[in-house]
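[1] Got a predicted model here, sequence first, then my questions.
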Amino acid sequence: MVRFFQQSDQDFEAVMNSNIDLEFRPDSYFRPQKLELYLLSQVKGTVLKRKLQSLFAEGRHAEVKTLLITDVLSVGDKKALEAYHPMFMGGNYLPDTDGGEVEIARICIESTTSDVTSVFAKPDRGRICYRVVDEYEGDTLTELTTMMSDEPLTLSQLTDFFLNAWPLVSVLEVNFEGDLDGALGFFRAESDFYPDIDRLCRRRVVQNFPAAQDEADDDTEHEEENLFAFHNADDSSPLGVPINDLLLMLTPTSIRATRLGNALIARHEHYTIRIEVVPPESRESVNGAIRAVVRMVTELPKPLVDLFQGKEAELSAAFNAFAALGALYSDKGIVRIGSRLTIYEEEDAWRTLHLPLLMYTAICSVEAILGGIKRTFTKTAPRSGASIWTAGHFEQVNQYLSDICFCTTSNLEFNCEFGLSEGTLSAAVWNQKTALFQMMADQPHPELGGGLFCILQMPHQMDDQKRLQRVCMQLNNMEMAAHDLPPHFGAWCPGNLGNNPAYIGFYPNSMCAVEGVAVNSAFWAMRRAEWANAILPALGVRS
């Protein structure tokens, strides 16, 4: 059988060590181009596309015209070709391009039906909208299949987007367990805009394919350590995180959860959450060695994506007021809902805190925001309901914090102030040198009902509302990084002063049984106040 790519030792070295310009960026996808390039970008079938390329190169234009007509073969003729050999199916079942849309890259695999997965791009009000498509109505893709940018993507950005939307390495692992040579011969990446995309895809496979770990030379010792740790971990615990526990917890629910590599895919009726274990950007931190980071990302339904377009910061700031366990943030130009858990080596809180926190986030974080948005547009009354959080919970938090900051408690509320500079640890009045943290049991969520509402208000103020909205979005974007940060299960939005940033979260009544969640939330708020106090001046915001 003829392979797309036959690997030798020399090929392996060439793929790994030859220079690839990761920052290469085409000038445009849409400027006038040669007729043959435009026509080729509109052809779906792999066999036909390659034949056309050959005929164009040889100047056989009469035959090109004949073949172009066959691209709109009758259903009967198409079935006859496919019956002759399924390879003629390759690419023919991709969705049609929309008006102005072009194919900028594709990956073909040597399956019986020569399946094709593609990236389409089209101009959209001064920006570029991308989507990854397959021949199975999206069944082989993750939910993170769209993005936007202000300019064409770099080669590295396009490849990362493509391989996150369609898990090439996972496909190869299933078909070629331990056989890197077979895996590299099973696919080819093609692009009229990115000449090196095939080489970069092969490098990604060589770096991440399990059998190749001992052979691949990573760019840094840290990256090599993380890759080794991941690929040698037990499948149920990537990077030491027992993600299969979460899979078992979600099994009795209506959520359809499955494993995909180092991720868990949780499918709800109208959206899907990708829960992925990733290595930290730096293992060492002032708070101890970081074991792993768990990111939870949800792509919004298309009507909401369209609603946010051009108003990302404004609408995110408004609708993050409904945040419970996740935040609206901007990921490469697309607004998504995200949460993050940074897990440290010395922590022993998986079963008592981390696992239930991830489970409840998978169940209700997106519902909280989408439900709040729906109630806003339909003018539906918010849910009510009493909280089961009590003065006892607030007193427990008070016992931990009263020695280090000024605190007050009541039956339904806990208040404390975190000093942001030396000498302000016991300030009795909220001022520009303290951050105010409150927990309230009398503030039901409009979608989730009764629970515990938490808000951290920073003293930094901005007169420009649009600037405040942009700063809140920047903070939410930064919270998703795989860094030494407190757990991110809430959202930054405008605070009660109207011109200050605040971080809010909400724990539904069902989470009251999670041991220590209130106390931990208070300590997370303290760390977050310190972090924001350092970050905001860097963003040009002063207290």
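    That came through, no problem. Numbering: from 1, shown residues only.

[2] contacts and neighbour counts: CA atoms only from here.
    Noted.

[3] longest single helix anywhere in this protein?
    helix 355-378 (DSSP state H).

[4] mind checking how far that one is from the chain centre?
    17 Å (C-alpha atoms, centre = their mean, to the nearest Å).

[5] tell me the mean pLDDT over that helix?
    What helix 355-378 shows for mean pLDDT is 94.

[6] Please apply the same query to stretch 251-263.
    On average, stretch 251-263 scores 87.

[7] and if you look at stretch 124-136?
    For stretch 124-136, the mean confidence score works out to 89.

[8] Which positions in that stretch come out as buried?
    Within stretch 124-136, the residues scored as buried using 16 or more other C-alpha atoms under 10 Å are Ile128, Cys129, Tyr130, Arg131, Val132, Val133, Asp134, Glu135.

[9] helix/strand/coil for the fourth one?
    I take that to be Arg131. Three-state assignment for Arg131 (DSSP: H, G, I helix; E, B strand; the rest coil): strand.

[10] Does it touch Phe120 like I think?
    Yes. Contact between Arg131 and Phe120 holds when scored by C-alpha atoms under 8 Å: they sit 5.4 Å apart.

[11] Now render the buried residues of stretch 124-136 as JSON lines, adding distance to Val169.
    Formatted as JSON lines, the buried residues of stretch 124-136 follow (distance: C-alpha to C-alpha, whole Å):
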{"residue": "Ile128", "distance to Val169": "27"}
{"residue": "Cys129", "distance to Val169": "25"}
{"residue": "Tyr130", "distance to Val169": "21"}
{"residue": "Arg131", "distance to Val169": "20"}
{"residue": "Val132", "distance to Val169": "16"}
{"residue": "Val133", "distance to Val169": "17"}
{"residue": "Asp134", "distance to Val169": "16"}
{"residue": "Glu135", "distance to Val169": "18"}
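
[12] Give me the below-cutoff pLDDT ranges for the protein.
    1-18, 31-92, 111-114, 143, 210-235, 422-432, 543 (pLDDT under 70).

[13] Next, count neighbours for the residue lying closest to Asn411 once chain neighbours are set aside.
    In this structure, Asn411 finds its nearest non-sequential neighbour in Ala391, 4.5 Å apart by C-alpha to C-alpha, 6 or more residues apart in numbering. When neighbours are defined as other C-alpha atoms under 10 Å, Ala391 has 16 of them.

[14] Please tell me I have it right and Ala391 contacts Asn398.
    No. Using C-alpha under 8 Å as the test, Ala391 is too far from Asn398 to be in contact (10.2 Å).

[15] which residues do these two both contact?
    Counting by C-alpha atoms under 8 Å, 6 or more residues apart in numbering, the shared contacts of Ala391 and Asn398 are Thr409.

[16] what's the domain layout of this structure?
    Per automatic domain parsing, the structural domains of the chain span 9-217, 233-378, 391-538.

[17] mind checking which of those is nearest Ser384?
    domain 391-538 (5.1 Å; C-alpha to C-alpha).

[18] Just give me the residue right at the centre of the chain.
    Residue closest to the average C-alpha location in the chain (C-alpha atoms, centre = their mean): Val297, at 4.5 Å.

[19] Specify the next element, helix or strand, located C-terminal of the helix or strand in which it is found.
    According to DSSP states H and E, Val297 maps onto strand 290-299. Sequence-wise, the next helix or strand downstream of strand 290-299 (DSSP H and E) is helix 302-308.

[20] Mind listing residues that contact that following helix?
    Leu315, Ser316, Ile334, Val335.

[21] want to try a markdown table for the residues you listed, with distance to Gln207 and neighbour count as columns?
    Output for the contacts of helix 302-308, formatted as a markdown table (distance: C-alpha to C-alpha, whole Å; neighbours: other C-alpha atoms under 10 Å):
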| residue | distance to Gln207 | neighbour count |
| --- | --- | --- |
| Leu315 | 40 | 16 |
| Ser316 | 37 | 26 |
| Ile334 | 28 | 20 |
| Val335 | 30 | 27 |
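
[22] with those residues in mind, which one is nearest to Gly182?
    Ile334 (36.0 Å).

[23] which non-adjacent residue is nearest that closest one?
    With C-alpha to C-alpha, 6+ apart, the residue lying closest to Ile334 is Met147, at 5.3 Å.
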